[in-house]
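1. Sequence first, predicted model second:
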Amino acid sequence: MAALADSKPTPMMAQYLALRAEAGDALLFYRMGDFFELFFEDARKAAAILDIALTTRGEHGGAPIPMCGVPVHSAESYLARLIRAGCRVAIAEQVETPDEAKARAKREGTPSSKVLVGRAIVRLVTAGTLTEEALLEPRRANVLAALVEVRGSIGIAACDVSTGAMVLEECAPEALGAALAQLSPSEIIIPEPNPRAGGDLRQDGAIPPEAPAFAGAHIPVDAILRPRSTFASDAGAERLKVLHGVATLDAFGAFTRAMLAAAGGLIAYLDHVGRGSLPLLLPPVLREAQLGMAMDAATRASLEILEAAQGGRAGSLIGAVDRCVTGAGSRLLAEDLSAPLLDAGAIEARLALVQFWRDRPIERAQLREGLRAIPDLGRALGRVVAGRGSPRDLGQLRDGLTEAARLHHWLSGAPDRPALLDQMLARLTGHGALTDHLARALVPSPPTERSSGGYIADGYDAVLDELRSVSGDARRAIAAMEARYRAETGIATLKIRHNGVLGYFIEVGARHADALMAPDSGFTHRQTMAGAVRFNSLTLHAEAARIAEAGGHALAAEEAHFEEMVEAITAAREAIAATAAALARIDVAAGNAERAAEGDWCRPEIAEDAGLAITGGRHPVVEAALAKAGERFVANDCALGADDRLWLIGGPNMGGKSTFLRQNALIVLLAQAGCFVPALSAHVGLVDRLFSRVGAADNLARGRSTFMVEMVETAAILAQATSRSFVILDEVGRGTSTYDGLALAWAVAEAVHSNIRCRCLFATHYHELARLAESCEALSLHHVRAREWQGDLVLLHELAEGPADRSYGLAVARLAGVPAPVVERARTVLEKLEATREATGGIAAGLGDLPLFAAIRPEPKATPEQALAEALRRADLDALTPREALDLLYQWKRDLS
Ligand code: ADP
């Protein structure tokens, strides 16, 4: 550290500053011995995030240098917290040993006092490019996405470098939000704005400038700008061809220029953060949005598919459905739920596999027991191919592939296998030579640390065995030597010990030291400690050298075997990834079967019609929450079809309207994802787009103009929904005044009913909307039942036909603990209002006569004279000062002229 203390830049300071500049906006982890140190602003920022001590060391430019550090051996947990806080970290490692540095200095003629160990940034750690187990969530994919605009359309390249999965897609700018919501990337890269054309995705409004709603909530996403030149389609195509050793990409799919340009940008970025070493990348998969059920970002958020509204998995759909026993299974289930299918055949194939396991509870339990023991093959592969694998990862691949082969053997004998199972079984084998190699080469539980060796099994390599026996002999010789020295010197407490600085040495208590100090004792003095003195001897030195030499050679031999195994695994990477994916698919199906058995869920019937018929439907999340409180969920039916497409649902607050709407949307989503569903029976006519909207009042916490958001989102439905879509609208129109809200709800319901003609559930507390039933032939009225009993409100959570009789608003207020006098006062006011309603016909008076889609006329503007009369009437003369009265007079005069 002394080097940093000098005021003029020392070699170390110069080295630090150069690396600091290279790190750009990333924090610089500067390796010094057993620590990564951070200095200056980096130190301030990291110390605050990590809650570790900020100290100072030396000075620079006359001021002390702020510093903090983290131990190398526990760096991963600190990295995880920094990444989660939105930082990127550049790792500067020592790239030579002190001895190498000295030798270099000698060659270069640098005085040895100025020798500085060489350091270089070996890697950038960013949220989207992680492979380490400790930095990743086991049940969540970690996606890096590159976006680029080519001729008005957006190319998207996305990969999960922890498993190598890569997808390419193209979409229109307005569909980008939905595409990103589906991918849920933890890091996004985009080209720097083009100074001439100004085509900045962020400025164009395609990417909202603030942390966008599509981000996994705990990883704030800020798009990272990259040189525009790296987003070139030709170069992207070329890189992909070389990576996968093919002459043309046709076999993988018909990729567009926009997709390839995005791929180019993505791979160039991976090169950049990996400092030239690429992670595992599997052949790109073409994703065609129109092949799946479409859901926009608002729908995903409101259905709480992968994450609950308040963040986290608990309370989300996946939290209630996931019974997978492997991380890879949970990740695949998340993918299934984010991208429900539109192809009846593919859905049935998944359902048949779930059914297979549903019908075989004993085998299912056995299977899950086996799967549970399987390590995360995909991620171990990702680390090994990225050059960050440990002996333990090799052991995981050995164990996982062996278990896969065992499952293959077991399942191949099962009768009545569904087609999808056969497809998966074929991918479980074919690794015999590799697992055999790994099984022979590795010890049963290889360590995570590679540098100290000890992971190659005895008997695998005769030379290694020999080296080990040499060092073993020497160790035994040293143990024997200790006994001999004790006998010869008569010092019973004499010990031969070892440490990192001295190597082997002989140690005796201080009072015995004199005997060994004698010149002819055969011992040479090495170190005097408080209470103990340390010596060496020629024989000890010789044995220690034997150990060191054999140990060095043994380590080198183990390294060579490690590299061989990495090579063999890398060569088989696609087949291993396919095995991992097949295991995940089997786990998802068995997990869905387990969930179905647990909750008595049924296999949905998938149809091409526009019907939706659910009996005994339940909301999986609400049901689970109620069960925890010991309460029962009331199941409800839903039946939408060509002549009864739109259900208008009324009834008191807290009556269960939202729950009913969502449970039906979730059942559709689950069915098309190939899962069983929480119902007695479900007939699902395929839904091409699913929309879910919640009135703004529920989202006040979001802080933006919530009514505006509500209307923007509603407009999207009116623009995008088709007759095959399914729409749920929950209290839409609530975010504004009663009149506006009712008018909008009315118009939206009419448009959905008569223009779009799709299936729709519409919950509303506007009784007045019931009059829509008079003009809309495929609209029917329903309500959630409630009863007032002995002055108390009883919510039955039961759906019934017909309009709601009353709103029970006051009873709900009482239930919620509004004080009795206030409720009483409200009752008096209500009676007054209701009395006048009799006279006027209520706020919807006359609406029944409205022709469909008649423009709602703006209120007529008052004439200046009427306005003046009104102002005069309202003016409180006693409250005005003479001066204000005079001002008002002038004002009125101006208004009139
Ligand atoms: P609304 O939208 O009518 O205000 P919600 O759907 O939000 O009502 O439901 C309010 C609460 O009522 C839920 O949090 C849940 O505890 C309970 N609930 C809703 N539906 C049911 C049901 N079918 N069975 C039992 N309890 C229910």
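-> All right, it came through fine.

2. list the helices and strands the top helix by length along the chain packs on?
-> The helix that spans the most residues within the chain, counting by DSSP state H, is helix 538-571. For helix 538-571, the packing partners by 3 or more Cβ pairs under 8 Å, 6 or more residues apart in numbering; DSSP states H and E come out as helix 377-385, helix 391-412, helix 432-441, helix 462-489, strand 503-509. Yep, even glycine has a C-beta here, placed from its N, CA and C like the rest.

3. Just the mean pLDDT for the second one, thanks.
-> For helix 391-412, the mean pLDDT works out to 96.

4. Render the CA-only coordinates of it in CSV, please.
-> Output of helix 391-412 as CSV, limited to C-alpha atoms (Å, rounded to 0.1, in the frame of the first residue of the first chain):
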residue,chain,number,x,y,z
PRO,A,391,-13.7,-30.0,-10.4
ARG,A,392,-17.1,-30.0,-8.6
ASP,A,393,-18.8,-29.0,-11.8
LEU,A,394,-17.2,-31.9,-13.6
GLY,A,395,-18.5,-34.2,-10.8
GLN,A,396,-21.9,-32.7,-11.3
LEU,A,397,-21.9,-33.5,-15.0
ARG,A,398,-20.7,-37.0,-14.3
ASP,A,399,-23.5,-37.6,-11.7
GLY,A,400,-26.2,-35.8,-13.7
LEU,A,401,-25.5,-37.6,-17.0
THR,A,402,-25.2,-41.0,-15.2
GLU,A,403,-28.6,-40.4,-13.5
ALA,A,404,-30.1,-39.4,-16.9
ALA,A,405,-28.9,-42.7,-18.4
ARG,A,406,-30.4,-44.6,-15.5
LEU,A,407,-33.7,-42.8,-15.9
HIS,A,408,-33.6,-43.6,-19.6
HIS,A,409,-33.2,-47.3,-18.9
TRP,A,410,-36.0,-47.3,-16.3
LEU,A,411,-38.5,-45.3,-18.4
SER,A,412,-37.8,-47.1,-21.7
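
5. between that helix and helix 377-385, how many degrees?
-> Angle between the axes of helix 391-412 and helix 377-385 is 140 degrees (criterion: axes from the mean of the first three to the mean of the last three Cα atoms, to 10 degrees).

6. In the helix or strand hosting Glu363, which of the residues would be classed as buried?
-> Glu363 belongs to helix 361-372 when assigned by DSSP states H and E. Using 16 or more other Cβ atoms under 10 Å as the test for burial, helix 361-372 gives Arg364, Leu367, Arg368, Gly370, Leu371.

7. hang on, the earlier thing: right, and the helix or strand after the longest helix of the chain?
-> helix 573-599.

8. and the ligand, which of the helices and strands packed on helix 538-571 is closest to it?
-> helix 377-385 (37.5 Å; Cβ to the nearest ligand atom).

9. who's in contact with the closest one?
-> With Cβ atoms under 8 Å, 6 or more residues apart in numbering as the test, helix 377-385 has contacts from 131-133, 136, 161-164, 279-280, 327-328, 389-390, 393-394, 396-397, 400-401, 404, 566, 569-570, 573, 576-577, 579-581, 583-584.

10. Buried only: go through those residues for me.
-> 131-133, 136, 161-164, 279-280, 327-328, 389-390, 393-394, 396-397, 400-401, 404, 566, 569, 573, 576-577, 579-581, 583-584.

11. show me the contacts for whatever residue of the stretch 201-350 of the chain ends up closest to the ligand.
-> Residue of the stretch 201-350 of the chain nearest the ligand, by Cβ to the nearest ligand atom: Gly315 (11.4 Å). By Cβ under 8 Å, 6+ apart, the residues touching Gly315 are Glu304, Ala308, Ala309, Val621, Ala625.

12. How much space separates the third one from Arg662?
-> Using Cβ to Cβ, to the nearest Å, one obtains 12 Å as the distance from Ala309 to Arg662.

13. Return the most buried member of the helices and strands packed on helix 538-571.
-> helix 377-385 (a mean of 26; mean count of other Cβ atoms under 10 Å).

14. Determine the angle, from 0 to 180 degrees, between it and helix 538-571.
-> Using the same axes, to 10 degrees: helix 377-385 against helix 538-571 is 120 degrees.

15. picking that back up, tabulate the helices and strands packed on helix 538-571 (TSV), appending distance to the ligand.
-> TSV is the format used below for the helices and strands packed on helix 538-571 (distance: least, Cβ to the nearest ligand atom, whole Å):
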stretch	distance to the ligand
helix 377-385	38
helix 391-412	39
helix 432-441	51
helix 462-489	65
strand 503-509	69
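
16. Columns distance to Ser897 on top of the ones you listed, output as CSV?
-> Below are those laid out as CSV (distance: least, Cβ to Cβ, whole Å):
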stretch, distance to Ser897
helix 377-385, 78
helix 391-412, 86
helix 432-441, 94
helix 462-489, 105
strand 503-509, 105
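
17. wait, which of the ones you listed is closest to Ile614?
-> helix 391-412 (33.2 Å; Cβ to Cβ).

18. helices and strands around that closest one, which ones?
-> So helix 391-412, by 3+ Cβ pairs under 8 Å, 6+ apart, packs with helix 361-372, helix 377-385, helix 419-426, helix 432-441, helix 538-571, helix 573-599.

19. same thing but 7 Å
-> helix 377-385, helix 419-426, helix 432-441, helix 538-571, helix 573-599 (3 or more Cβ pairs under 7 Å, 6 or more residues apart in numbering; DSSP states H and E).

20. Looking at those, which is nearest to Ala247?
-> It is, among the helices and strands packed on helix 391-412 and with distance given as Cβ to Cβ, helix 573-599, at 17.2 Å.

21. The helix or strand following that closest one - contacts with which helices or strands?
-> From helix 573-599 onward toward the C-terminus, using DSSP H and E, the following helix or strand is strand 605-607. Packing contacts for strand 605-607, counted by 3+ Cβ pairs under 7 Å, 6+ apart, involve helix 344-358, strand 681-685.
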